[in-house]
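Peer 1: fold the following and give me the result.
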Amino acid sequence: MRLDNAGRSRLRCSRVGSVFARSLPARLRLITARTLLQYAEEHPDVRDELTRLIRFLEVAAWTDATHLKETCPFPARPIGAKRVVFNIKGNHYRVICAVRYASPPNGLQGVVFVHFVGTHAEYDRVDAETVTFL
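Peer 2: Numbering: from 1, shown residues only. Alright, predicted model coming up:
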């Protein structure tokens, strides 16, 4: 393994040269996948879409809301600096998540925490900025 002057490991790439390993974006950590899976079991009509969302969230590596919107296969809308609403199954369902974006220079891994899963009608009855699962 090659180290730089500060003792950090480096990766070599023929096209870009040396890259510090810690500057590579880390995958997000999905804390509440079980919440989505339980909802999918109770609502079979949205199971495939929620499973797809889980798979996507497990490999995502967002660094900010713009990056999220550019790479997300679902319509997503940031709410403030720390929450995102995903429209699922043709806008029939909504998933509200708290997101801490990855910060590779600081070595922070991104985290996603699901706060709400429900129908569009149920979503209209909650405050997306404050709702939490009990």
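
Peer 1: element containing Thr66, please.
Peer 2: Secondary structure from DSSP states H and E places Thr66 in helix 65-71.

Peer 1: tell me the first helix or strand C-terminal of that helix.
Peer 2: strand 76-79.

Peer 1: helices and strands around that next one, which ones?
Peer 2: Helices and strands touching strand 76-79, as assessed by 3 or more Cβ pairs under 8 Å, 6 or more residues apart in numbering; DSSP states H and E, comprise helix 65-71, strand 83-88. C-beta: built from backbone N, CA, C; applies to glycine.

Peer 1: paired strands for the shortest one, with orientation please.
Peer 2: Here strand 83-88 is paired, per DSSP bridges, with strand 76-79 (antiparallel), strand 93-100 (antiparallel).

Peer 1: can the ones you listed go into TSV with extra columns for mean neighbour count?
Peer 2: Below are those laid out as TSV (neighbours: other Cβ atoms under 10 Å):
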stretch	mean neighbour count
strand 76-79	16
strand 93-100	22
